[in-house]
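In: My questions are about this predicted structure, shown below with the sequence.
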Amino acid sequence: MIALTRREFHLFQAAGRDFLYLVPSAAVFALDAPTSAVLRAIGDGEKGPYPFSASDSPEKGYGPFSRTEDAVIQALAERFDASTVRAAIAELLEVRAIGYEQQPAEQPVRMLPMMPFPLNTMVLNVTNQCNLACTYCYEYGEDKIVDTEHGKQSKFMAESTALESVEFLLRESGRVAHLTFFGGETLLNFPVLKSTIAYARRRAAEVGKEIDFSLTTNATLLKPEIIEFLAENRVGVTISIDGPREMQDKFRVFHNGAGSYDVVAPKIKELLRVHRSRPIGARVTLTSDTLDITKIYRHLTEEFGFWEVGFAPVTTSPNQQYAIGERGFDRMLGQFRALASEFLEQVAVNKHHGFSNVKDTLEEIHKGVSKAYPCGAGLGLLGVSTDGDVALCHRFAGSDAHKFGTVRDGIDRDVQTAFLQQHHIADKTDCSKCWARPLCSGGCYHEAHVRYGTTERPNLHYCEWIRGWTDTCLQIYGELSERNPDFLARFDREEAKAEAVL
Ligand code: SF4
Ligand code: SF4
């Protein structure tokens with residue numbers, strides 16, 4: 001008789017039961033007692049009762065992970081009758097958690113997206129200049145890709161380039177387009193931002209498309225008329241801020257070295273008081289020196305009143321003193337987990353919690369996202385440099401090596417296709433065997449470029465962190481599916497609403 005064998009999944013526990021994250025389909029599957037017992041019977045190995053994840057191979061002492069149907073029925077005879085076991089086997093076969101030994105397991109298929117792929121988000125670098133000199137900034141530090149001080153790109157985007165960019169976006173987008181303003185410090189070029197929004201709104205209406213605006217700022221240049229404009233125009237705002245004074249002033253400093261906390265704090269409070277048309281989020285850069293995530297979160301939500309706070313580890317080469325090392329990633333994971341359980345307890349009783357890293361991952365899990373590429377860069381998202389060069393994303397704007405065309409001449413489809421061919425998950429050997437790949441897919445291209453000098457390499461230095469964090473989010477997903485499924489159903493309702501616009 002042909003032996004049954006386990007396929008690729010990640011097993012996790014939540015709400016007192018077992019769940020599987022099925023890797024090829026990126027679906028979450030709740031196990032009942034018989035399916036759980038069948039998997040146990042197939043996967044019983046010397047290292048414990050369960051195959052833990054796809055990377056626990058027989059060579060590592062796990063397994064054997066294969067048994068004939070009769071052997072499974074026999075092993076479970078005291079607990080379940082044969083028909084129950086057969087039904088459980090059928091169910092597991094159907095969701096592809098198990099398969100027959102001689103049938104090949106599914107591998108990531110190297111299929112490129114349909115072209116032309118609609119441009120969903122254009123990130124416009126309206127300036128590459130900044131009035132701060134944050135020590136870790138990828139644009140000005142040793143890790144910079146583009147020489148913004150002495151390079152050939154203009155320091156500020158001209159209005160004509162911004163308007164050409166709008167035309168480019170409206171040509172390339174689907175029914176809905178997102179225009180994000182970025183820098184340098186975005187508000188240094190407020191006049192161009194202002195006229196671009198007015199122009200884009202009018203042109204979008206003329207061509208029958210929806211357009212939405214957002215920006216990222218360091219908050220130093222916020223003043224009443226700017227705040228009023230942002231509120232009136234429903235511009236989504238993300239503030240880059242690192243937390244309480246001692247953390248903010250460690251790295252987020254002016255060119256003379258002075259800390260920026262005392263300058264930005266009153267301006268942010270005024271923004272949050274006046275701009276009520278959209279929730280305002282904070283974006284925190286974590287370094288080896290600033291890893292007290294709970295403290296940062298409390299400060300930003302309680303002292304300032306931010307609706308959401310998102311955290312990202314600093315992107316840097318490993319030799320920088322502020323780079324997060326292995327122990328730092330462990331600490332970060334511990335802190336993320338503590339804040340994530342707080343998120344769970346709040347959300348389970350329908351209260352808001354602003355830890356956006358969890359919410360974003362839960363949404364991806366719920367939608368069964370399975371990425372062939374780590375993010376939208378080069379596909380649904382493109383960056384535009386001050387001179388109108390189209391780039392992989394905003395972090396590569398102005399880099400000739402990562403140029404995808406210009407806003408005048410459009411996207412160079414050959415370059416784009418070649419990029420997509422070279423960066424597909426199926427070609428990342430380590431990733432193609434990793435259970436976390438549907439959500440990670442190798443990680444940020446910019447991080448890889450800074451670490452390894454190429455966007456093609458996966459970010460293998462943080463796999464443990466990615467897998468640990470994905471496991472945590474899966475557990476929270478499993479808990480919520482039992483304790484407050486309506487919270488997850490909200491993602492469907494939001495998607496349906498967005499589709500109704502299309
Ligand atoms: S970078 Fe690491 S965690 Fe991410 S998919 Fe690749 S192997 Fe998995
Ligand atoms: S490549 Fe990195 S920085 Fe660029 S959009 Fe993707 S995740 Fe963001």
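Out: Arrived safely, thanks for sending. Ligands and ions are numbered 1, 2, ... in the order given.

In: got the CA positions of the longest helix anywhere in the chain in CSV?
Out: Counting by DSSP state H, the longest helix found in the chain is helix 326-348. What follows is helix 326-348, C-alpha atoms only, in CSV (Å, rounded to 0.1, in the frame of the first residue of the first chain):
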residue,chain,number,x,y,z
GLU,A,326,21.2,38.5,16.5
ARG,A,327,20.5,39.2,20.2
GLY,A,328,18.8,42.4,19.3
PHE,A,329,16.4,40.5,16.9
ASP,A,330,15.6,38.1,19.8
ARG,A,331,14.9,41.0,22.1
MET,A,332,12.8,42.7,19.4
LEU,A,333,10.8,39.5,18.9
GLY,A,334,10.2,39.2,22.6
GLN,A,335,8.9,42.8,22.8
PHE,A,336,6.8,42.4,19.6
ARG,A,337,5.2,39.3,21.1
ALA,A,338,4.4,41.1,24.4
LEU,A,339,2.7,44.0,22.5
ALA,A,340,1.0,41.5,20.2
SER,A,341,-0.6,39.7,23.1
GLU,A,342,-1.9,43.1,24.3
PHE,A,343,-3.3,43.6,20.8
LEU,A,344,-5.0,40.3,21.0
GLU,A,345,-6.7,41.0,24.4
GLN,A,346,-8.0,44.4,23.2
VAL,A,347,-9.2,43.3,19.8
ALA,A,348,-10.8,40.1,21.2
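
In: following it, which helix or strand comes up?
Out: Using DSSP states H and E, the helix or strand that follows helix 326-348 towards the C-terminus is helix 356-366.

In: now what about that following helix, what contacts it?
Out: Helix 356-366 has contacts (Cβ atoms under 8 Å, 6 or more residues apart in numbering) with 21, 26, 28, 281, 308-311, 336, 339-340, 343, 439, 469-470, 473-474, 476-477, 480, 488, 491-492. For the C-beta atoms, the positions are set from N, CA and C on the backbone; glycine is no exception.

In: Next one: Phe396 from ligand 1, what distance?
Out: In this view, Phe396 and ligand 1 are 19 Å apart by Cβ to the nearest ligand atom, to the nearest Å.

In: and stretch 162-171, what's its mean pLDDT?
Out: What stretch 162-171 shows for mean pLDDT is 98.

In: How about stretch 20-28?
Out: Mean predicted confidence for stretch 20-28 is 95.

In: swap in stretch 467-475?
Out: Stretch 467-475 comes out at a mean pLDDT of 97.

In: Stretch 374-386 now?
Out: Stretch 374-386 comes out at a mean pLDDT of 97.

In: buried residues in that stretch?
Out: 374-375, 377-386 (16 or more other Cβ atoms under 10 Å).

In: what angle sits between the longest helix of the chain and helix 356-366?
Out: 70 degrees (axes from the mean of the first three to the mean of the last three Cα atoms, to 10 degrees).

In: At the contact with ligand 2, which residues of the stretch 351-500 of the chain appear?
Out: Applying Cβ under 6 Å from any ligand atom, one finds that the stretch 351-500 of the chain approaches ligand 2 through 375, 377, 381, 393, 395, 444-446.

In: Show me where the stretch 101-250 of the chain has its strands.
Out: For the stretch 101-250 of the chain, applying DSSP state E, counting those that start in this stretch gives strands covering 121-125, 176-182, 210-217, 236-240.

In: right, and those strands - which one's nearest ligand 2?
Out: strand 121-125 (8.0 Å; Cβ to the nearest ligand atom).

In: Go ahead and produce PDB holding the CA coordinates of the closest one.
Out: Output of strand 121-125 as PDB, limited to C-alpha atoms (Å, rounded to 0.1, in the frame of the first residue of the first chain):
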ATOM      1  CA  THR A 121       1.000  53.300  -5.900                       C
ATOM      2  CA  MET A 122       3.400  55.900  -7.100                       C
ATOM      3  CA  VAL A 123       5.800  57.300  -4.600                       C
ATOM      4  CA  LEU A 124       6.900  60.800  -5.600                       C
ATOM      5  CA  ASN A 125      10.300  61.900  -4.100                       C
END
